[in-house]
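Novice: Predicted coordinates and the sequence they were generated for:
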Protein chains: 2
Amino acid sequence: MDSYRIIQLKQSVFADNDADADLLRREMKEKGAFLINLMSSPGSGKTTTLTKLIAALKDELSIGVMEADIDSDVDADTISATGVKVIQLHTGGMCHLDADMTRQGIRQLGIEGLDLVILENVGNLVCPAEFDTGAALNMMILSVPEGHDKPLKYPLVFQVCNAMIINKTDVLPYFDFDMEKVSKFARMRNPNIEIFPISAKTGDGIDALAAWLKQQVKKWKEQE
Amino acid sequence: MDSYRIIQLKQSVFADNDADADLLRREMKEKGAFLINLMSSPGSGKTTTLTKLIAALKDELSIGVMEADIDSDVDADTISATGVKVIQLHTGGMCHLDADMTRQGIRQLGIEGLDLVILENVGNLVCPAEFDTGAALNMMILSVPEGHDKPLKYPLVFQVCNAMIINKTDVLPYFDFDMEKVSKFARMRNPNIEIFPISAKTGDGIDALAAWLKQQVKKWKEQE
């Protein structure tokens, strides 16, 4: 179970990333694999959240994970222990993935028979939000210790995400974090954003998030 | 006290940022103002740490602050309440500042009579580390909730920093954060990195950090 490859991504040569992202979305639709782009700051708990989500989803969905990082493989190591298919993508210092880099990863991962592919983007609230990866769904994690003012300071990532996961709710008593304010600020950026408070550590809220994701995959599969 | 300007930075046209950064370092030396470049992830407590540091230093040093952000002015508002000279720099979506953008900020701030200028860089562990701003000293904050594995995942920022501040030590009991491991990992990247555990919230450790900074400014002023 504990094996995965490390892929060195090449910088894209395509001038029009938006068009390429739309093309990748069509390719993924044909192959029937729902692609999620997961973004957050370093240390917000992306990998721990993923391991809990995988546990909640893997009986019903066949899952593959792409762990993008500047140059470590700490996360792929953790994810490979869950038993799902995983590869590590190295960006060679770059702070984001675009659609073509995502496509390189997908080819290496191999998505035959997968229902759901999750891209764990580079830990960063700025650059990843600027590039459409071709995902069917964008999701971000904001953790309680980061503070409720982040939608004011990093508008774009909240604007492009379909869902905001608020992680580390188990430490709410120790931080000055206002759940109402963060919801209000996030909805200023994106009125339709779905909000899921969770604690990846205790498992609180994971079921609601997993149920919503299953529904998104189902709706997408039914679309023509 | 509560007034500051917002400056929209222009993208630099200089091809050789390293040479330009060295030039800015010489310009700052001539003017006698020590420039600190402060980097971290979003939500690590840069602004709270700064307000505490300013309180500890402002009787002895005349301080100016440049708050860089994608497009908010939350931080300049907080810093202006400390009574020091402050401006807000907007990067227009860019995830870093280079030497020329830093120089634009310095001109707008006006550094006549200042001993110490602190640049609060954009919240991000990747891109800001790739560009020499021309600072005399690079400093970063890693907060306890982010985890002790960050030097493994974001090597460059640890490599280029003279000091790592470990913030939010008041919540150590609630997180699986290993102070020995983080020190070991950071020193793998940079054997000479200075490490300062602090809690900006309670004030713990601020005095030691402030004393070290005063010493750095003094040594720099005495250099030919």
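Specialist: Yep, it's here.

Novice: what's around residue A:27, how many residues?
Specialist: Using other C-beta atoms under 10 Å in any protein chain shown, residue A:27 has 15 neighbouring residues. Bear in mind the C-beta positions are built from the backbone N, C-alpha and C, glycine included.

Novice: so which strand or helix has it?
Specialist: helix A:17-31 (DSSP states H and E).

Novice: List the buried residues for that helix?
Specialist: A:17, A:20-21, A:23-25, A:28-29 (16 or more other C-beta atoms under 10 Å in any protein chain shown).

Novice: cool, and stretch A:192-205?
Specialist: A:193, A:196-201, A:205.

Novice: Turn those into CSV, including secondary structure.
Specialist: Putting the buried residues of stretch A:192-205 into CSV (DSSP: H, G, I helix; E, B strand; the rest coil) gives the following:
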residue, secondary structure
A:193, coil
A:196, strand
A:197, strand
A:198, coil
A:199, coil
A:200, coil
A:201, coil
A:205, coil
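
Novice: Residue B:105: which of those is nearest?
Specialist: Using C-beta to C-beta, residue A:193 is the member of those that sits closest to residue B:105, with 32.8 Å.

Novice: shouldn't the closest one be in contact with residue A:166?
Specialist: No - look at residue A:193 against residue A:166 with C-beta atoms under 8 Å: they stay out of range, at 11.3 Å.

Novice: On the three-state scheme, residue A:65 is what?
Specialist: Under three-state DSSP, residue A:65 comes out as strand.

Novice: Show the contacting residues for it.
Specialist: A:50, A:54, A:76, A:79, A:84-87, A:117-118, A:120 (C-beta atoms under 8 Å, 6 or more residues apart in numbering or on different chains).

Novice: Show me where chain A has its helices.
Specialist: Using DSSP state H, the helices found in chain A span residues A:17-31, A:46-57, A:74-80, A:99-109, A:127-130, A:150-153, A:155-160, A:179-189, A:206-222.

Novice: hey, least reliable of those helices by pLDDT?
Specialist: Lowest mean pLDDT within the helices of chain A: helix A:74-80, a mean of 84.

Novice: Next one, pLDDT for the residue nearest the centre of chain A please.
Specialist: With distances taken as C-alpha atoms, centre = their mean, residue A:38 lies nearest the centre of chain A, 1.2 Å away. On pLDDT, residue A:38 comes in at 97.

Novice: Could you list the residues of chain A in contact with chain B?
Specialist: Within chain A, the residues that sit near chain B (C-beta under 8 Å from any C-beta of the partner chain) are A:41-43, A:69-72, A:74-75, A:93, A:95, A:122-127, A:130, A:143-147, A:149-150, A:152-156, A:168, A:170-171, A:174-175.

Novice: Mark which of those are part of strands, please.
Specialist: A:69, A:143 (DSSP state E).

Novice: Just the buried residues out of the residues of chain A next to chain B, in ChimeraX syntax.
Specialist: A single ChimeraX command is used to select the members of the residues of chain A next to chain B judged buried by 16+ other C-beta under 10 Å:
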select /A:41,42,43,69,70,71,72,74,75,95,122,123,124,125,126,127,130,143,144,145,146,147,149,150,152,153,154,155,156,168,170,171,174,175
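
Novice: coming back round to it: may I see the PyMOL selection of the buried members of the contacts of residue A:65?
Specialist: Per 16+ other C-beta under 10 Å, the buried members of the contacts of residue A:65 correspond to this PyMOL selection:
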select buried, chain A and resi 50+54+76+79+84+85+86+87+117+118+120
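
Novice: Serialize the contacts of residue A:65 to CSV and add fields for distance to residue B:188.
Specialist: CSV is the format used below for these (distance: C-beta to C-beta, whole Å):
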residue, distance to residue B:188
A:50, 26
A:54, 30
A:76, 20
A:79, 23
A:84, 30
A:85, 31
A:86, 25
A:87, 25
A:117, 33
A:118, 30
A:120, 23
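
Novice: would TSV of the buried residues of stretch A:192-205 with pLDDT be doable?
Specialist: Output for the buried residues of stretch A:192-205, formatted as TSV (pLDDT from 0 to 100):
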residue	pLDDT
A:193	98
A:196	98
A:197	98
A:198	98
A:199	98
A:200	97
A:201	95
A:205	98
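
Novice: of these, closest to chain B?
Specialist: Closest approach to chain B among the buried residues of stretch A:192-205 (C-beta to the nearest C-beta): residue A:201, at 8.7 Å.

Novice: wait, isn't that closest one in contact with residue A:170?
Specialist: Yes - at 5.6 Å, residue A:201 and residue A:170 qualify as touching, with contact defined as C-beta under 8 Å.

Novice: Which of the buried residues of helix A:17-31 sits closest to residue B:104?
Specialist: residue A:17 (28.7 Å).

Novice: For that closest one, which non-adjacent residue is spatially closest?
Specialist: residue A:98 (4.8 Å; C-beta to C-beta, 6 or more residues apart in numbering or on different chains).

Novice: Next: residue A:192.
Specialist: residue A:162 (7.7 Å).

Novice: what about the one you found, how many neighbours?
Specialist: Residue A:162, neighbours per other C-beta under 10 Å, totals 18.

Novice: One more: the one 5 residues further on?
Specialist: By other C-beta under 10 Å, the residues close to residue A:167 number 26.
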